[in-house]
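# My questions are about this predicted structure, shown below with the sequence.
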Amino acid sequence: MMTTTTFPRLPPSGISVIIVGAGFAGLTAAIECHRKGHSVVLLEKAAELRPLGDIISFGQNSSRFFDKWPGVREALEPLVHKSEAVNFFSWDGRFVTTQSFAEEHRAWGSRVNGHRGEIHAAVLRHALDCGINVRLGRNVVRYFEEEDGSLAGVETDDGERLTADVVLAAEGVRSRGRQLVLGFDDRPQPSGYAVYRAWFPADEVRKNEKTRHLVEHGDSHNGWIGQDVHFLAAAIKDGREMSWVCTHKDEGGIEESWQFPGRIDDVLKVVKGWDPVVVELVKMTPPERLFDYKLVFRDPLPTFISPKARTALIGDAAHPFLPTSIQGASQAMEDGVALAACLDRAGKGRVQEALRVWERIRYERVHKIQLTGITTREQWHKADWDAISKNPESLHLKREAWILNFDAEADAYASYDAVRDELEKND
């Protein structure tokens, strides 16, 4: 059990923070604000947080924070993917190239890839062990700010009204906080793509002669690239469990929901004629473990903060990412880390300054990284196989130091004064 003597925390700052949403953005913001001495209340709509989901990836720019939270890296170790390479194939099974991550691991540290729900549960346990006030079953229906800009607050569906120096909206693309920040309600737009996702025990994978090689030597990572389709499969936990995702064209609209149970027959139509390894993986997937996600986008927001600079959007509420960026969760964590640091640097009397500086620090970086999701998808889905035959490494994921070899906490402290001075000069 974590105690106040083992958890490194700064003295109380006097800054109160309400966070809405206990995903990775909200949990990171809560842990880091607590770590900086701020007083935190974390509200989550779900009455119970169950370990649901499938594969999620954290680059070195975010996995470094797990190391700063005592005990978390150790808790994650048995859960994470151990392979240091991904093998790429054409859609029909021809081997193309292997991309190794060993060198970047040595230079920048290790990534964390694993089951979304299991990793989330480990981080939530840490937050609770730290004594953070996490309130489940609290559905926020309205954000507000005092007319004089002195406080921000939220109201829940049972009439409770809470106020704080800062409110962080971290409940995803449907966040009600977006209306306060933007001044209007906007709707997510279909991206033209959807992704089938599955995670299941690998017993049948091991029995099948066409798929056995994926798990018999422990963890593995493989990808198949086709016209407007790509299929990624990862064996994890020493080959005992299997996860796969298949991104494909989808012309459906976006209504109130974009997560649905998937149908095996629908996936088989998408991968008809593909490598038998892919087809067999799909066939052996338990139907109840298959989901279909419509990939949505929102136009880049003009701002992440409210006019009175007491409320901020973080994570997907501010900037949803395509899976091919492999940075959605990482950027959500960077948001929370940087904001906690900016509040620490500013102090209670300059909370609004802190939010304005934080937005300026984050805005350009986040949107540049968002674009990598589109470029990677197009690189795969519009693959020129004549060009690839001459340069197989063109299929490799772009692993760039400016994204991955980055510490958002150190950057926020180092950048704060210059960004503040720039904002004051332009006022």
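Noted; the coordinates are in hand.
# Mind jotting down where the helices sit in this structure?
Counting by DSSP state H, one finds helices in the chain at the ranges 24-35, 60-68, 72-76, 102-108, 116-129, 177-182, 203-207, 264-270, 276-283, 328-346, 351-381, 385-390, 401-404, 408-426.
# So which of these is nearest Ser306?
Closest to Ser306 of the helices of the chain, according to CB to CB: helix 177-182, at 5.0 Å. Where C-beta positions appear, they are placed from N, C-alpha and C, glycine not excepted.
# in the closest one, what's buried?
By neighbour count, with 16 or more other CB atoms under 10 Å as the criterion, the buried positions of helix 177-182 are 177-178, 180-181.
# ok, now stretch 122-131?
If you call a residue buried by 16+ other CB under 10 Å, then stretch 122-131 has these buried ones: 122-124, 126-127, 129-130.
# returning to that earlier point: of all pairs in the buried residues of helix 177-182, which one is the farthest apart?
Pairwise distances across the buried residues of helix 177-182 (CB to CB) peak at 7.4 Å, for the pair Arg178 and Leu180.
# Find the residues that touch each one of the two.
The contact sets of Arg178 and Leu180 overlap at Ala169 (CB atoms under 8 Å, 6 or more residues apart in numbering).
# now the buried residues of helix 177-182 as JSON lines including distance to Thr285 and pLDDT?
As requested, these are arranged in JSON lines below (distance: CB to CB, whole Å; pLDDT from 0 to 100):
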{"residue": "Gly177", "distance to Thr285": "37", "pLDDT": "90"}
{"residue": "Arg178", "distance to Thr285": "35", "pLDDT": "89"}
{"residue": "Leu180", "distance to Thr285": "42", "pLDDT": "91"}
{"residue": "Val181", "distance to Thr285": "40", "pLDDT": "91"}
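# tell me which of these is nearest to Arg197?
When the buried residues of helix 177-182 are compared for distance to Arg197 (CB to CB), Arg178 wins out at 25.5 Å.
# Next up, the contacts around Trp380.
Contacts of Trp380 (CB under 8 Å, 6+ apart): 225, 230, 324, 395.
# Surely the last one is in contact with Phe88?
Yep, that's Leu395 we're talking about. Yes: the pair Leu395 / Phe88 is scored as a contact, 4.9 Å apart, by CB atoms under 8 Å.
# of these two, who's got more company?
For Leu395 versus Phe88, the count of surrounding residues by other CB atoms under 10 Å is larger for Phe88: 24 against 21.
# wait, what's in contact with that one?
Phe88 makes contacts with 95-99, 222-225, 392, 395-396, as judged by CB under 8 Å, 6+ apart.
# Can I have the buried ones of the residues you listed as a ChimeraX selection?
With 16+ other CB under 10 Å as the burial test, the buried ones among those are selected in ChimeraX as follows:
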select :96,99,222,223,224,225,395,396
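# Can you tell me which of the contacts of Phe88 is closest to Arg9?
Sorting the contacts of Phe88 by distance to Arg9 puts Gln99 at the head of the list, at 40.0 Å, by CB to CB.
# which non-adjacent residue is nearest that closest one?
Distances taken as CB to CB, 6 or more residues apart in numbering place His396 nearest to Gln99, at 4.4 Å, with adjacent residues excluded.
# Equivalent analysis for Gly26, please.
With sequence-adjacent residues excluded and distances taken as CB to CB, 6+ apart, Gly26 is closest to Ala170, at 3.6 Å.
# ok, so what distance separates that neighbour from Glu145?
17 Å (CB to CB, to the nearest Å).
# Neighbour count: these two, which is higher?
Here Ala170 and Glu145 are compared on neighbour count by other CB under 10 Å; more neighbours surround Ala170, at 32 against 19.
# My guess is the more buried one contacts Gly21. True?
Yes: shown here, Ala170 and Gly21 form a contact pair, counting by CB under 8 Å, at 3.7 Å.
# gap between Ala121 and Leu42?
15 Å.
# Mind checking which of the two has more residues around it?
Leu42 (27 against 17).
# which residues does that one bridge with?
Ile19, Val134 (DSSP bridges).
# Could I get the contacting residues of Leu49?
When contacts are counted by CB under 8 Å, 6+ apart, Leu49 touches 22, 120-121, 124, 136.
# Show me which helix or strand of this structure is least confident by mean pLDDT.
Taking mean pLDDT, DSSP states H and E as the measure, the chain has strand 259-261 as its least confident helix or strand, at a mean of 75.
# okay, Lys398: pLDDT?
At Lys398, the pLDDT value in this model is 84.
# what's it sitting at in phi/psi?
Here is the backbone geometry of Lys398 (degrees, to the nearest 10): phi -80, psi 120.
# State the number of residues packed around it.
The number of residues packed near Lys398 is 10, by other CB under 10 Å.
# That one contacts Thr376, correct?
Yes: contact criterion CB under 8 Å: Lys398 and Thr376 qualify, at 6.8 Å.
# What is the burial count for Ser389?
The number of residues packed near Ser389 is 12, by other CB under 10 Å.
# For the protein, which residues score under the pLDDT cut-off?
Where the chain drops to pLDDT under 70, the residues are 1-7, 52, 188-191, 251-259, 296-298, 381.
# on that earlier part again, pick the one among the contacts of Trp380 closest to His367.
His367 lies nearest to Thr324 out of the contacts of Trp380, by CB to CB, at 15.8 Å.
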